[in-house]
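Q: Sequence first, predicted model second:
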Amino acid sequence: MILPYLLRLLCLCFASFFVLNAVASLFVRISSKSAIRFSESRASASAAGFLFALRMLPLVQATLFVVGLCVPSYLWLEPAATAERVSMLCVVLGLLGAAIWFTSIARTVRSLVASLRHNRLCRLAGQETRVPGNSAPILLVEDEAPLLALSGLLRPRLLISRAVFRVLSAEELEAALAHEHAHHISRDNVKRLLLLLAPDIFPFVRPLRMLEHSWSKFAEWAADDQAAGGDSRRALSLAAALVHVARMGSAPRLPRLSTSLLACDRDLSARVDRLLLSDPMTLPRPSKTHSRLQSAGLLLAVYFAALLLTPSALSSVHELLELLLH
């Protein structure tokens, strides 16, 4: 198939992304069980961060290769001819790459629209109120359903139904709101958006769903730990809030860009058991060593990026692209 200059570049970008994303996704899928077992020995916040980074690895490495190496090498070394023949393999891989991006973007847009519509309906059906000890306003929804959630991205809102507001005691409500505030601090709704945006190996095939579910579980545990703050009394109040809300019946279906107090019903017993531990839970404090390691990792990444962008590296990448083209 003969394609013009820019269409060849577009085809190469999608084809390269598809191949690299598929290889990395298969590697992550194979190592996911070991990664989850490793995460279980870590603090909940660290485990959630590790699993999220592992899930985003295929997207990040494939995007860096395409943007940092594929495009520069093509623009620098490929003659600006009017048209050139492209192999059918490259075209098929390019179409698959475009298809997985279209699928991920479509589901992300649907989730964004559903989240905006849900928040608008809640604003119309509810009223703002304030709870002692909580600085942010809360949207009190006139509903008897067991609703307590954080919804939205840029300006997430705390939603609570009047039924939950009436059932929970002051201590339980404070602990439950602290749980949702922990999700806000961790930007968990934004992370859910990125997980939706991350393309799969093939359209409508999600082999890394188990990893995403494990991330969601550890994110809930991390929010529980943050809300408890190492205080056994606050942990007991949060456990009681979980049980009371669960006994109220099935929670309403929320948009995917929301975090509910009972996000993982199947994990409810494990969450309650963790909160009822005899020893108070303590939160890890950030150390100077951890900050230094992060800075060293950033400098190392910049160094390797500069190394890869040398002319010899671009020439090698261009030779690989020529093999894919022809």
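A: Arrived safely, thanks for sending. Numbers count the residues shown, from 1 in each chain.
Q: low-confidence ranges in the stretch 101-250 of the chain?
A: The model of the stretch 101-250 of the chain has pLDDT under 70 over residues 132-136.
Q: ranges for the strands of it?
A: Using DSSP state E, counting those that start in this stretch, the strands of the stretch 101-250 of the chain run over residues 126-131, 134-141, 148-151, 157-161.
Q: I'd like to know which of those strands lies nearest to residue 255.
A: strand 148-151 (6.8 Å; CB to CB). Every C-beta, even on glycine, is put in place using the N, C-alpha and C of the backbone.
Q: which helices and strands does the closest one pack with?
A: helix 88-125, strand 157-161, helix 170-186, helix 188-197, strand 258-260 (3 or more CB pairs under 8 Å, 6 or more residues apart in numbering; DSSP states H and E).
Q: if we compare the strands of the stretch 101-250 of the chain, which one ends up closest to residue 5?
A: The closest of the strands of the stretch 101-250 of the chain to residue 5 is strand 148-151. By CB to CB, the value is 45.7 Å.
Q: got the contact list for the closest one?
A: Strand 148-151 is contacted from outside by 115, 118-119, 122, 156-161, 164, 176, 180, 183-184, 188-189, 245, 254-255, 257-261, using CB atoms under 8 Å, 6 or more residues apart in numbering.
Q: Tell me how far it lies from the chain's centre.
A: Centre-to-centre, strand 148-151 and its host chain are 17 Å apart (CA atoms, centre = their mean, to the nearest Å).
Q: Dump it to PDB, keeping only the CA atoms.
A: Included here for strand 148-151 are C-alpha records, laid out as PDB according to Å, rounded to 0.1, in the frame of the first residue of the first chain:
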ATOM      1  CA  LEU A 148     -21.500   8.300  50.500                       C
ATOM      2  CA  ALA A 149     -19.000   8.900  47.800                       C
ATOM      3  CA  LEU A 150     -16.500  11.300  46.300                       C
ATOM      4  CA  SER A 151     -17.400  12.200  42.700                       C
END
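Q: picking that back up, buried ones from the contacts of strand 148-151, can you make that a ChimeraX selection?
A: One line in ChimeraX is enough to select the buried ones among these; burial here means 16 or more other CB atoms under 10 Å:
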select :115,118,119,122,156,157,158,159,160,161,164,176,180,183,184,188,189,245,254,255,257,258,259,260,261
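Q: that older thread, identify whichever of the strands of the stretch 101-250 of the chain lies nearest to residue 49.
A: Nearest of the strands of the stretch 101-250 of the chain to residue 49, taken as CB to CB: strand 148-151 at 18.7 Å.
Q: Provide the strand pairings for that closest one, with the direction of each partner.
A: Partners of strand 148-151 in the sheet, by DSSP bridges, are strand 157-161 (antiparallel), strand 258-260 (antiparallel).
Q: Redo the ones you listed as a markdown table? Include distance to residue 48.
A: A markdown table is the format used below for those (distance: least, CB to CB, whole Å):
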| stretch | distance to residue 48 |
| --- | --- |
| strand 157-161 | 21 |
| strand 258-260 | 12 |
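Q: So which residue is smack in the middle of this protein?
A: The structure's the chain has its C-alpha centroid closest to residue 191; by CA atoms, centre = their mean the separation is 3.0 Å.
Q: tell me the contacts of that one?
A: So residue 191 contacts 52, 215, 219 (CB under 8 Å, 6+ apart).
Q: Adding distance to residue 270 and neighbour count, write these out as a markdown table.
A: Listed next are these as a markdown table, based on distance: CB to CB, whole Å; neighbours: other CB atoms under 10 Å:
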| residue | distance to residue 270 | neighbour count |
| --- | --- | --- |
| 52 | 20 | 21 |
| 215 | 15 | 26 |
| 219 | 14 | 26 |
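Q: out of those residues, who's nearest residue 198?
A: Taking CB to CB as the measure, residue 198 lies nearest residue 52 of these, at 10.3 Å.
Q: List the contacts of the residue lying closest to that closest one once chain neighbours are set aside.
A: Distances taken as CB to CB, 6 or more residues apart in numbering place residue 215 nearest to residue 52, at 5.3 Å, with adjacent residues excluded. Residue 215 makes contacts with 48, 51-52, 55, 191, 195, as judged by CB under 8 Å, 6+ apart.
Q: Serialize those to CSV and add fields for distance to residue 85.
A: Listed next are the contacts of residue 215 as CSV, based on distance: CB to CB, whole Å:
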residue, distance to residue 85
48, 48
51, 44
52, 42
55, 38
191, 43
195, 39
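Q: Now flag whichever of those residues is closest to residue 226.
A: Of those, the one sitting nearest to residue 226 (CB to CB) turns out to be residue 48, at 11.1 Å.
Q: can you count the residues close to the residue lying closest to the closest one once chain neighbours are set aside?
A: Distances taken as CB to CB, 6+ apart place residue 218 nearest to residue 48, at 4.0 Å, with adjacent residues excluded. Neighbourhood size, residue 218 [other CB atoms under 10 Å]: 24.
Q: ok, now which ones touch residue 218?
A: Applying CB under 8 Å, 6+ apart, we find residue 218 in contact with 39, 44-45, 47-48, 51.
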